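> pasting the structure only:
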């Protein structure tokens with residue numbers, strides 16, 4: 001941080017007994033001359049010095065200063081934020097207040113450690129005797145400018161949804177062939193291949209050695225990625241590179257490469273740098289591995305662990321089946337011990353007795369109904385017999401009919417003399433002929449006949 005420049009603005013000339021205007025170039029000299037007039041017997045009050053310095057600093061024009069952000073504290077309620085700006089070479093720092101609306105319109109995130117240039121107006125606070133810079137704008141420089149561009153690109157890609165977890169593909173459990181994009185004869189290649197084959201010896205690799213740093217990196221990595229993504233045998237692709245500076249890993253934050261990774265149909269594992277390195281390809285890849293060794297562990301299973309897991313599952317399955325068989329056997333034994341199964345004939349005995357009882361009851365009911373019906377038939381038979389003409393005939397009466405047509409003779413007029421008659425009695429039927437005329441007339445109570453008093 002440089003000192004004040006005498007050409008930054010006009011200022012007053014301090015004299016005992018008053019203030020007289022002086023040329024702008026004479027301000028420091030006039031102030032020095034005024035201050036030199038003070039003595040131990042005639043000193044300035046501290047407040048006068050503070051006011052003089054405040055007046056001098058207030059006349060300074062805003063300027064651009066460069067430094068490193070050491071600390072940033074936001075106070076949303078007050079609408080201000082305070083950061084500490086330190087010189088890049090010497091141990092010197094200034095407090096820089098900046099308004100929230102200025103921070104919101106910045107195109108980068110001013111985090112501690114960022115190198116920035118600040119457009120600020122120096123201000124002096126008399127009460128505290130402190131000098132600070134009131135910022136009105138801030139821009140990144142050097143690495144900070146690069147980080148700002150990356151942060152802007154990151155926000156754009158995030159807004160498009162390229163970092164969403166919903167679009168990431170799961171890795172296959174056991175890929176037939178693993179595609180590997182790495183540097184030529186690099187340690188990253190050895191880490192991936194050696195660790196993967198240690199975990200699963202039969203794993204196959206399709207390796208593409210490309211430039212992973214410099215101007216050709218984006219072009220060669222993109223070409224290798226397109227080639228491996230078009231290969232149907234490649235089930236997963238690892239993009240691996242060892243650690244390095246931000247500039248060394250810059251190719252893996254290229255927008256073209258990031259969009260190519262996002263559009264790949266094959267699952268992508270990003271293993272760029274170390275744990276602290278986060279190029280944009282890490283955010284868009286389906287899986288982010290902290291190191292190339294970690295990538296090898298993620299793409300292939302550990303054959304020893306899988307064998308142990310298989311043995312454990314077999315043991316659990318065997319135990320579960322044995323326990324199930326024991327439960328079923330216990331239930332079967334309990335069922336077989338029941339009386340109905342110990343003496344199976346009891347299953348038929350009870351229904352048989354029930355059927356016998358029902359049959360006996362049915363016979364009894366049928367017999368009672370038959371006896372009752374027989375009594376009814378006998379009673380009706382007696383009634384019929386009592387009402388039958390045969391019963392009358394048995395009392396000595398006879399039924400007389402004409403022999404020709406069988407008409408019943410109810411009076412002598414129905415049978416003329418000489419008519420052939422058929423007479424039916426209780427003992428049978430016989431014929432007769434009417435030979436005489438009866439003098440009996442209907443309604444007479446004293447019939448006359450040759451044999452009066454005889455019954456017909």
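Looks like it arrived, so ask away. Not measured: the values here are computed from a predicted model. Residues are numbered from 1 along each chain as shown.
> report the buried residues of the strand or helix carrying residue 135.
Per DSSP states H and E: residue 135 is located in strand 130-140. Residues of strand 130-140 classed as buried by neighbour count (16 or more other C-beta atoms under 10 Å): 131, 132, 133, 134, 135, 138, 139, 140. C-beta here means a position set from N, CA and C on the backbone, and glycine is covered the same way.
> next SSE after that strand?
Beyond strand 130-140 toward the C-terminal end (DSSP H and E), the next one is helix 143-159.
> right, and the helix or strand after that following helix?
Proceeding C-terminally, helix 143-159 gives way to strand 177-182 as the next helix or strand, assigned by DSSP H and E.
> so what are the sheet partners of that next one and their directions?
According to DSSP bridges, strand 177-182 forms sheet pairs with strand 204-209 (parallel), strand 234-241 (parallel).
> single out the most deeply packed of those.
Highest mean neighbour count among the strands paired with strand 177-182 (mean count of other C-beta atoms under 10 Å): strand 234-241, with a mean of 26.
> need the strands paired with strand 177-182 in a markdown table (columns: mean pLDDT and distance to residue 410).
What follows is the strands paired with strand 177-182, written out as a markdown table (pLDDT from 0 to 100; distance: least, C-beta to C-beta, whole Å):
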| stretch | mean pLDDT | distance to residue 410 |
| --- | --- | --- |
| strand 204-209 | 93 | 132 |
| strand 234-241 | 94 | 125 |
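> what's the span of stretch 34-45, first residue to last?
Distance between the two ends of stretch 34-45: 14 Å, counting by C-alpha to C-alpha, to the nearest Å.
> list the buried residues of it.
Using 16+ other C-beta under 10 Å as the test for burial, stretch 34-45 gives residue 34.
> stretch 384-401 too?
Within stretch 384-401, the residues that qualify as buried by neighbour count (16+ other C-beta under 10 Å) are 393, 400, 401.
> just those residues: which are in strands?
Cross-referencing the buried residues of stretch 384-401 against strands under DSSP state E gives 400, 401.
> out of the buried residues of stretch 384-401, the closest to residue 368 would be?
If you rank the buried residues of stretch 384-401 by distance to residue 368 using C-beta to C-beta, residue 393 comes first, at 38.1 Å.
> if we can go back for a sec, compare the strands paired with strand 177-182 and report which one is nearest to residue 411.
Nearest of the strands paired with strand 177-182 (C-beta to C-beta): strand 234-241, 129.9 Å.
> so residue 255 is in contact with residue 153, correct?
Yes: A contact is recorded between residue 255 and residue 153 when judged using C-beta atoms under 8 Å, the distance being 5.9 Å.
> just to revisit the earlier point, pairing partners for the strand holding residue 135, with directions?
Counting by DSSP bridges, the strands paired with strand 130-140 are strand 93-99 (parallel), strand 115-125 (antiparallel).
> reduced to three states, what does residue 316 come out as?
Reducing the assignment to helix, strand or coil with DSSP: H, G, I helix; E, B strand; the rest coil, the entry for residue 316 is helix.
> same question, the one 10 residues further on
For residue 326, the secondary structure call by three-state DSSP comes out as helix.
> from residue 306, how far off is it?
Shown here: residue 326 relative to residue 306, a distance of 30 Å by C-beta to C-beta, to the nearest Å.
> and these two? Which one has more around it.
Set side by side, residue 326 and residue 306 give different neighbour counts by other C-beta atoms under 10 Å, the larger being at residue 306 (14 against 10).
> state the helix or strand in which the more buried one lies.
Of the helices and strands defined by DSSP H and E, residue 306 is found in helix 303-336.
> give me the distance from that helix to the chain's centre.
On the basis of C-alpha atoms, centre = their mean, to the nearest Å, the separation between the geometric centre of helix 303-336 and that of its chain is 32 Å.
> with stretch 104-120 instead?
How far stretch 104-120 lies from its chain's middle: 42 Å, per C-alpha atoms, centre = their mean.
> what's the span of that stretch, first residue to last?
Taking C-alpha to C-alpha, the first and last residues of stretch 104-120 lie 17 Å apart.
> and it, what's buried?
Buried residues in stretch 104-120, counted by 16+ other C-beta under 10 Å: 106, 108, 109, 110, 114, 115, 116, 117, 118, 119, 120.
> returning to what we had before: out of the strands paired with strand 130-140, nearest to residue 40?
Distances from residue 40 to each of those were compared by C-beta to C-beta, and the smallest falls on strand 115-125, at 25.9 Å.
> list the contacts of the closest one.
The contact list for strand 115-125, computed with C-beta atoms under 8 Å, 6 or more residues apart in numbering, reads 4, 50, 53-54, 57-58, 60-69, 85, 88, 96, 110, 130-144.
> confidence-wise, which of the buried residues of stretch 384-401 comes last?
By predicted confidence (pLDDT), the lowest-ranked of the buried residues of stretch 384-401 is residue 393, with 79.
> my guess is that residue contacts residue 429, does it?
No: between residue 393 and residue 429 there is no contact under C-beta under 8 Å: 10.5 Å.
> about what we covered before: could you dump the buried residues of stretch 384-401 to TSV with distance to residue 221?
As requested, the buried residues of stretch 384-401 are arranged in TSV below (distance: C-beta to C-beta, whole Å):
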residue	distance to residue 221
393	138
400	143
401	139
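> pull the most distant pair out of the buried residues of stretch 104-120.
Distance extremes for these: the farthest pair is 109 and 120 at 19.4 Å, using C-beta to C-beta.
> list phi and psi for residue 190.
Dihedral angles phi and psi of residue 190 (degrees, to the nearest 10) take the values phi -60, psi -40.
> measure the residue nearest to the spatial centre of the chain to residue 286 for me?
For the chain, the residue sitting closest to the mean C-alpha position, by C-alpha atoms, centre = their mean, is residue 166 at 12.5 Å. Taking C-beta to C-beta as the measure, residue 166 falls 12 Å from residue 286.
> how's this structure carved up into domains?
For the chain, whose domains are defined here by automatic domain parsing, the residue ranges read 6-58, 63-141, 165-301, 393-433.
> what residues are up against residue 262?
So, once contact is read as C-beta under 8 Å, 6+ apart, residue 262 ends up touching 162, 167, 284.
> run a quick neighbour tally on residue 338.
9.
> cool, the one 10 residues further on as well?
Neighbour count of residue 348, defined by other C-beta under 10 Å: 9.
> now do the lengthiest strand in the chain: which elements does it pack against?
Of all the segments assigned as strand in the chain under DSSP E, the longest by residue count is strand 63-75. Judged by 3 or more C-beta pairs under 8 Å, 6 or more residues apart in numbering; DSSP states H and E, strand 63-75 is in contact with strand 80-86, strand 93-99, strand 115-125.
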